[in-house]
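*Asks:* Sharing a sequence plus its predicted fold:
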Amino acid sequence: MRLHTGPAPVRLGRAQPRGIARAAAGPGAAPTENISRGVLILPGLGNNAADYGPLAAQLEARGMAVEVAQVTRPDWSRNAAALTDPNWWRGTLKPRPAVDWYLQLVDGAMQRLKRRVEGSEAPITMLTHSAGGWLGRVYLLDWGTAGVDRYVSLGSPHLPPPPGAPVVDQTRGILTACSDMCPGAFHSSIRYVTICGKFVRGVPLTGSSSQTGGDDGGDVGSGGGGGGGGRSDLLAKFAGVGYQQVCGEAAVWGDFIVPQPSAHLEGATQVDLEGVFHSPLGEKLPFFGPWYGSPQVLKQWLPHLTGDQAAEAKVAEVAGQPATVSVQPP
């Protein structure tokens, strides 16, 4: 595993009382001088703030202050307002004002987080999941980067379908606009890390996993519950349909929702994790698997969130580490 030579290590603080974890999804807590880092969590499409409670609790227990943008599931219906914009129908939609409702919730959480870390002057990591990835990039562009030194995305579709791909851009032009306005690891003051799970390799509807299995030795990642060939084929075909709509190809690896080719930004540290499913749902259904926030998965990418170089090196030395890391030039 190759890692960045980044900023000075950030020491993890002591575990906080259990009650502090509840503040991550509440109106904010009083400033504390014993906080090692602030973490702002941006929920993905269809998720709400409560889905990230267990992940927030794990980070709080490690001495970090965590705030989650207070998104509810019904909030996502607000995106339907963009249907009145002619750009939606032309496929040239811009992020704003279409998703201003979400960005305002992000800013509210950011201000609560900054009040919590001001006593310790701790740096902030923007931790995004799924659609929260490109939404976070828009926030940093229009609201500014003050206090933020790291950006980590988990299974985020960052790139639009390639030109000429026989698919419809599901964001109706928003991802193209993001790539134009803030391409790659855009802000030089921020360390970008993009993380993608390798849960299943997709196949076309008319194909089979045996036809498309790559060098990785199969079509379902080591953490997945694909089981027999019939179930594996079904998962691979279902995933392939989704992958093709996002990146124009079905036969690629991904986390079952987001394909690898779309999940990484140029100039970012790119991390691929074997057997990791896209959402918290994976922990609840036996035929899926652990997601990015599961304890056994979190420990693999936690050093990228904290910027702790010593911990990064320790993770790299673990035998059988199911993570691959590639570093793009800044």
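*Replies:* Arrived safely. Model, not experiment: these values are computed from the prediction.
*Asks:* can you map out the strands along this protein?
*Replies:* 37-42, 64-68, 124-129, 148-154, 191-198, 200-201, 253-254, 269-274, 323-327 (DSSP state E).
*Asks:* what helices or strands is the second one leaning on?
*Replies:* So the one you mean is strand 64-68. The contact analysis (3 or more C-beta pairs under 8 Å, 6 or more residues apart in numbering; DSSP states H and E) places strand 64-68 against strand 37-42, helix 53-60, helix 100-117. C-betas here are computed from N, CA, C, even on glycine.
*Asks:* Can you add mean pLDDT and mean neighbour count and give the ones you listed back as a markdown table?
*Replies:* Compiled in a markdown table, the helices and strands packed on strand 64-68 are given as follows (pLDDT from 0 to 100; neighbours: other C-beta atoms under 10 Å):
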| stretch | mean pLDDT | mean neighbour count |
| --- | --- | --- |
| strand 37-42 | 98 | 27 |
| helix 53-60 | 97 | 21 |
| helix 100-117 | 97 | 19 |
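*Asks:* Columns distance to residue 237 on top of these, output as TSV?
*Replies:* Shown next, in TSV, are the helices and strands packed on strand 64-68 (distance: least, C-beta to C-beta, whole Å):
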stretch	distance to residue 237
strand 37-42	30
helix 53-60	30
helix 100-117	32
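*Asks:* Give the residue farthest from the middle of this protein.
*Replies:* In the chain, the residue that sits farthest from the middle, by C-alpha atoms, centre = their mean, is residue 206; the gap is 30.4 Å.
*Asks:* just checking, residue 148 touches residue 192?
*Replies:* No: Residue 148 is not in contact with residue 192 according to C-beta atoms under 8 Å; the separation is 11.0 Å.
*Asks:* Any idea which of the helices and strands packed on strand 64-68 gets closest to residue 308?
*Replies:* For residue 308, the closest of those is strand 37-42, at 9.4 Å, according to C-beta to C-beta.
*Asks:* now the closest one against helix 53-60, angle please.
*Replies:* 170 degrees (axes from the mean of the first three to the mean of the last three C-alpha atoms, to 10 degrees).
*Asks:* from the chain's centre, how far out does strand 37-42 sit?
*Replies:* 12 Å (C-alpha atoms, centre = their mean, to the nearest Å).
*Asks:* so where's this structure shaky on pLDDT?
*Replies:* 1-33, 207-231, 286, 309-324, 326-330 (pLDDT under 70).
*Asks:* which residues of it fall in helices?
*Replies:* 53-60, 86-90, 95-98, 100-117, 132-143, 174-181, 209-212, 229-247, 260-263, 295-306, 309-317 (DSSP state H).
*Asks:* Export those helices as a markdown table, with columns for distance to residue 47.
*Replies:* A markdown table is the format used below for these (distance: least, C-beta to C-beta, whole Å):
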| stretch | distance to residue 47 |
| --- | --- |
| helix 53-60 | 11 |
| helix 86-90 | 23 |
| helix 95-98 | 18 |
| helix 100-117 | 12 |
| helix 132-143 | 8 |
| helix 174-181 | 18 |
| helix 209-212 | 29 |
| helix 229-247 | 17 |
| helix 260-263 | 17 |
| helix 295-306 | 17 |
| helix 309-317 | 27 |
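*Asks:* got a list of what residue 261 touches?
*Replies:* Residue 261 is in contact with 159, 247, 249, 252, counting by C-beta atoms under 8 Å, 6 or more residues apart in numbering.
*Asks:* shouldn't residue 133 be in contact with residue 156?
*Replies:* Yes: here residue 133 reaches residue 156: they are 2.3 Å apart, a contact under C-beta under 8 Å.
*Asks:* Give me the common contacts of the two.
*Replies:* residue 194.
*Asks:* which among the contacts of residue 261 gets closest to residue 265?
*Replies:* residue 159 (8.2 Å).
*Asks:* The closest one: what's its closest spatial neighbour, skipping adjacent residues?
*Replies:* Among residues not flanking residue 159 along the chain, residue 262 sits closest, at 4.8 Å (C-beta to C-beta, 6 or more residues apart in numbering).
*Asks:* Enumerate every residue touching the residue lying closest to residue 92 once chain neighbours are set aside.
*Replies:* Of all residues not flanking residue 92 in the chain, residue 173 sits nearest, at 4.5 Å (C-beta to C-beta, 6+ apart). Residues in contact with residue 173 (C-beta under 8 Å, 6+ apart) are 87, 88, 90, 91, 92, 93, 94, 160.
*Asks:* Check the gap between the fourth one and residue 102 for me.
*Replies:* Spelled out, that is residue 91. Distance, residue 91 to residue 102, using C-beta to C-beta, to the nearest Å: 21 Å.
*Asks:* likewise the first one?
*Replies:* As judged by C-beta to C-beta, residue 87 and residue 102 stand 18 Å apart.
*Asks:* The third one now?
*Replies:* Between residue 90 and residue 102 the distance is 22 Å, computed by C-beta to C-beta.
*Asks:* How about the second one?
*Replies:* Distance of residue 88 to residue 102, computed by C-beta to C-beta: 16 Å.
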